[in-house]
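> got a predicted structure plus its sequence, pasted below:
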Amino acid sequence: MTPRALIIGAPRSGSGKTSVTIGLLRAFARRGVKVRGIKTGPDYIDPGFHEAATHLPGLNLDSWAMAPDLLRHLAREQAEDAELILIESAMGLFDGIVTEPNRSGAASDLARLFGLPVLLVLDVSGQSQTAAAVACGFMHYDPAVKIAACILNRAGSERHKKLSGDAIEAIGLPVVGTVLRDPTLILPERHLGLVQASEHPEMDAHIERLADAMERSLDLDAILAAAKPFEIPEGSVEKALLPPGQRIALAEDAAFTFLYPHIKREWRAMGAEIVPFSPLADEAPPADCEICWLPGGYPELHPGKLAAAENFKAGLKAFSETKPVHGECGGYMVLGETLEDADGITHAMTGMLSHRTSFAKRKMNLGYRQATLRSACPIGQHGETIRGHEFHYASTVSQGTDEPVATIADGTGKEIGPSGGRRGLVSGTFFHAIARG
């Protein structure tokens, strides 16, 4: 079975792509369509919403971090047993970094790579006929990226809907529906973007409201017809991150919520077993595992509980005496000596690395990272380059005395400097590894 696929894009972040995508995923699932979601770029939160809407795992496809062969491999896996794939763009459709062709991280790279059409979501609040000029620009900006149809979002009235829609259809772009302005359809946010799906107390009810709105407002048959058969050549896992061990102890709870879905999937496909444990429940990594991985998340929201988790801290230290322990972003913060919360209260962490971090002294750190490893560690071998992403507001108030894990550069290759820390078998970084370079 060859599924159909469509990219959902927009001129910018905040246009309502996520709400439209989630609502469409659930609306098609209600119809009995086997539908799955994909998010472009390094955004790790939205795949959780896609999974909540479809009850099937989400996926990130990032054209900067992932080589084309890996993109093909992961896309083929996501398309197995699916009838429809909806690919949600990060930021604006053409937004990426200036680098080699089709490796910018923009959703438009995937439109070219897979030959997929785009469903354009236009937030028409504050304008009417001018929306047609924006749509016209999208239609002609890149001949290799086809804009198949348009959704108008946040229209204020039936008159507003008609003025905008008629102008857009007059330039030859079909309008497949209009979603009227409704504050109840907005997803909640927090300091790193949207609240994760698992944290929303009434997530399923909210998704149902979104699906109701899409069914009421959009022509689902026209959207399905706009999608194109998703015929993907064979790919390769050559550039995928290798499993760091046969049995991997993975921290999983409200403080450790994030590991890219494709990483966990590929580790399992390569024969690794993932054994979850909860630091917030004061659980230590199982002693029969070969490595412990502390992923990103929100430890700054639970520092007191983590500081009091004596069994976790003692067990992790004992584990690290003979086996590797690695932390990413939030996990790296927990491996340090202290974590200062937003109220300025300092909490003792594991002290397995010597750095100190603060969420009270906030500074945005955001961007692609190329990490050249200074020594072997769980994410790769000495001298290897790993591609990843950094997104956090915590600041390092003391670098400590540990050896850096890597020398990092941004997505264009501009060197940033040493990153992370390593002491014995313990290592950690603020960047999230996505794939091998």
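That came through, no problem. This one's a predicted model, so the numbers in the text were calculated from it and none came from an experiment. Residues are numbered from 1 along each chain as shown.

> separation between residue 17 and residue 119?
Counting by CB to CB, to the nearest Å, the gap between residue 17 and residue 119 amounts to 10 Å. Using the backbone N, CA and C atoms, a C-beta is placed for each residue, glycine as well.

> what is in contact with those two at once?
Overlap of the contact sets of residue 17 and residue 119 (by CB atoms under 8 Å, 6 or more residues apart in numbering) consists of 8, 9.

> how about the secondary structure of the residue located most distally from the centre of the chain?
Distance from the C-alpha centroid of the chain, by CA atoms, centre = their mean, peaks at residue 159 (37.2 Å). Classification of residue 159 by DSSP: H, G, I helix; E, B strand; the rest coil places it in helix.

> what sits against it?
Listed by CB under 8 Å, 6+ apart, residue 159 has no contact partners.

> in this structure residue 405 contacts residue 426, no?
No: under the criterion of CB atoms under 8 Å, residue 405 makes no contact with residue 426, lying 10.2 Å away.

> which of the two has more neighbours?
Each of residue 405 and residue 426 has its neighbours counted (other CB atoms under 10 Å); residue 405 has more, 28 against 23.

> residue contacts, the more buried one?
371, 373, 374, 375, 377, 419, 420, 421, 422, 427, 428, 429.

> next SSE downstream of the lowest-mean-pLDDT helix or strand in the chain?
The helix or strand of the chain with the lowest confidence, counting by mean pLDDT, DSSP states H and E, is strand 193-194 at a mean of 46. Remark: after strand 193-194, the chain's next helix or strand is helix 203-217, criterion DSSP states H and E.

> distance between that following helix and the chain's centre?
Centroid separation between helix 203-217 and its chain, computed with CA atoms, centre = their mean, to the nearest Å, is 22 Å.

> if you count contacts, what does it end up packed against?
Here helix 203-217 touches helix 17-30, helix 46-54, strand 175-180, going by 3 or more CB pairs under 8 Å, 6 or more residues apart in numbering; DSSP states H and E.

> confirm that residue 428 sits in a strand.
Yes: counting by three-state DSSP, one finds residue 428 located in a strand.

> that one and residue 406 touch, don't they?
No: with contact defined as CB under 8 Å, residue 428 and residue 406 do not form a contacting pair (10.8 Å).

> pull up the overlap in contacts between those two.
Shared contacts of residue 428 and residue 406, defined by CB under 8 Å, 6+ apart, are found at residue 420.

> who's in contact with the residue lying closest to residue 88 once chain neighbours are set aside?
With CB to CB, 6 or more residues apart in numbering as the criterion, residue 88 has its nearest non-adjacent residue at 4.3 Å, and that residue is residue 21. Going by CB under 8 Å, 6+ apart, residue 21 touches 8, 37, 46, 50, 86, 88.

> what does residue 135 give?
120, 122, 147, 150, 168, 171, 173.

> only whichever of these are buried, select them in ChimeraX.
Of the contacts of residue 135, the buried ones go into a single ChimeraX selection, burial set by 16 or more other CB atoms under 10 Å:
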select :120,122,147,150,168,173
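
> could you dump the contacts of residue 135 into JSON lines with secondary structure, distance to residue 4 and pLDDT added?
Putting those into JSON lines (DSSP: H, G, I helix; E, B strand; the rest coil; distance: CB to CB, whole Å; pLDDT from 0 to 100) gives the following:
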{"residue": "120", "secondary structure": "strand", "distance to residue 4": "18", "pLDDT": "98"}
{"residue": "122", "secondary structure": "strand", "distance to residue 4": "23", "pLDDT": "98"}
{"residue": "147", "secondary structure": "strand", "distance to residue 4": "17", "pLDDT": "98"}
{"residue": "150", "secondary structure": "strand", "distance to residue 4": "18", "pLDDT": "98"}
{"residue": "168", "secondary structure": "helix", "distance to residue 4": "23", "pLDDT": "98"}
{"residue": "171", "secondary structure": "coil", "distance to residue 4": "25", "pLDDT": "98"}
{"residue": "173", "secondary structure": "coil", "distance to residue 4": "20", "pLDDT": "98"}
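
> can you put the contacts of residue 135 in JSON lines and add distance to residue 351?
Output for the contacts of residue 135, formatted as JSON lines (distance: CB to CB, whole Å):
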{"residue": "120", "distance to residue 351": "51"}
{"residue": "122", "distance to residue 351": "52"}
{"residue": "147", "distance to residue 351": "54"}
{"residue": "150", "distance to residue 351": "55"}
{"residue": "168", "distance to residue 351": "59"}
{"residue": "171", "distance to residue 351": "62"}
{"residue": "173", "distance to residue 351": "59"}
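
> quick one: contacts for residue 354?
336, 337, 398, 400, 401, 402, 421, 423.

> rerun at 6 Å
Counting by CB atoms under 6 Å, 6 or more residues apart in numbering, residue 354 makes contact with 400, 401, 402.

> what's the neighbour count on the second one?
So that's residue 401. Neighbours of residue 401 using other CB under 10 Å come to 10.

> pLDDT score assigned to it?
Looking at residue 401, its pLDDT reads 96.

> spell out the residue ranges of the helices in the stretch 251-400 of the chain.
Remark: helices assigned in the stretch 251-400 of the chain by DSSP state H, counting those that start in this stretch are 261-269, 303-307, 310-320, 330-335.

> which of these sits most buried?
Using mean count of other CB atoms under 10 Å, the stretch among the helices of the stretch 251-400 of the chain with the greatest mean number of neighbours is helix 330-335 (a mean of 29).

> average pLDDT for that one?
For helix 330-335, the per-residue pLDDT averages 98.

> then stretch 30-40?
Stretch 30-40 carries an average pLDDT of 97.

> make TSV from the helices of the stretch 251-400 of the chain and add distance to residue 297 to it.
Converted to TSV, the helices of the stretch 251-400 of the chain look like this (distance: least, CB to CB, whole Å):
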stretch	distance to residue 297
helix 261-269	14
helix 303-307	11
helix 310-320	14
helix 330-335	4
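
> of all the ones you listed, which one is nearest residue 394?
Among the helices of the stretch 251-400 of the chain, the nearest to residue 394 by CB to CB is helix 330-335 (6.1 Å).

> send me the closest one as CSV with only the CA atoms.
Taking Å, rounded to 0.1, in the frame of the first residue of the first chain, the C-alpha atoms of helix 330-335 are listed here in CSV:
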residue,chain,number,x,y,z
GLY,A,330,18.3,18.4,31.2
GLY,A,331,20.2,15.2,31.9
TYR,A,332,23.4,17.1,31.7
MET,A,333,22.1,19.7,34.2
VAL,A,334,21.3,16.8,36.7
LEU,A,335,24.8,15.4,36.3
